[in-house]
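[1] Sequence and predicted structure are below.
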Amino acid sequence: MGERDRRVPDLVEGALDQGRRAASGLVDGFRKAGRWQKARLGILGGWLTASFIALWIACPTSGPGNSIGADVHVLKDSLLGGQQILVRNESDEVWTDVVLTLDRTWRNEQRALRPREQVVLSPAQFERAGEPAPRDLRPKRLDVACQQGKAAFDLR
């Protein structure tokens with residue numbers, strides 16, 4: 001083992017020791033603090049914790065929570081009448097041979113959806129055995145399947 005290899009563990013140990021001393025100093029300072037300082041620190045700590053939790057909930061870490069990066073929204077009572085379903089490809093790859101299925105019955109096929117491309121469909125644009133779905137259909141589930149994977153969405 002070379003000279004440099006021996007210095008790395010010493011540097012790590014030194015950094016850990018400094019961290020321990022700093023933490024110990026903070027704990028001692030907190031113990032010696034007065035009642036009002038402790039109350040202020042408690043309020044500040046609670047606010048920081050609540051803020052981090054709110055940010056963690058509000059900001060997704062990796063985009064849509066499905067394997068293909070699909071984003072689905074139901075547009076209720078649009079100007080065209082009835083519900084509309086928006087499907088967006090939020091991934092970085094092209095989806096090919098896309099099959100959208102409402103309530104495991106009504107199908108719509110798309111040849112491809114490029115990254116960040118979206119399609120907006122009314123229930124009447126889905127069909128089963130050549131028959132269109134009723135215009136007033138209120139779907140409860142949408143399945144998105146393509147060559148790149150599949151995902152299911154609750155539309156309620």
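    Okay, I see it. As the structure is a prediction and not an experimental result, all values here were calculated from the model.
[2] ok, then the element right after the top helix by length along the chain?
    Secondary structure of the chain read by DSSP state H shows that its longest helix is helix 3-32. Moving toward the C-terminus from helix 3-32, the next helix or strand (DSSP states H and E) is helix 35-58.
[3] Using CSV, write out every CA atom in that next one.
    This file holds the C-alpha atoms of helix 35-58, laid out as CSV (Å, rounded to 0.1, in the frame of the first residue of the first chain):
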residue,chain,number,x,y,z
ARG,A,35,-35.9,28.2,27.9
TRP,A,36,-36.8,30.8,25.2
GLN,A,37,-33.8,29.9,23.0
LYS,A,38,-34.9,26.3,23.1
ALA,A,39,-38.5,27.3,22.3
ARG,A,40,-37.2,29.3,19.3
LEU,A,41,-35.1,26.4,18.1
GLY,A,42,-38.0,24.0,18.5
ILE,A,43,-40.3,26.3,16.4
LEU,A,44,-37.6,26.8,13.8
GLY,A,45,-36.9,23.0,13.7
GLY,A,46,-40.6,22.2,13.3
TRP,A,47,-41.0,24.8,10.5
LEU,A,48,-38.0,23.4,8.7
THR,A,49,-39.3,19.8,9.0
ALA,A,50,-42.7,20.8,7.8
SER,A,51,-41.2,22.7,4.9
PHE,A,52,-39.0,19.7,3.8
ILE,A,53,-42.0,17.4,4.1
ALA,A,54,-44.1,19.7,1.9
LEU,A,55,-41.4,20.0,-0.7
TRP,A,56,-40.9,16.2,-0.7
ILE,A,57,-44.6,15.7,-1.3
ALA,A,58,-45.0,18.4,-3.9
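[4] Distance from stretch 115-126 to the middle of the chain?
    Offset of stretch 115-126 from its chain centre (C-alpha atoms, centre = their mean, to the nearest Å): 21 Å.
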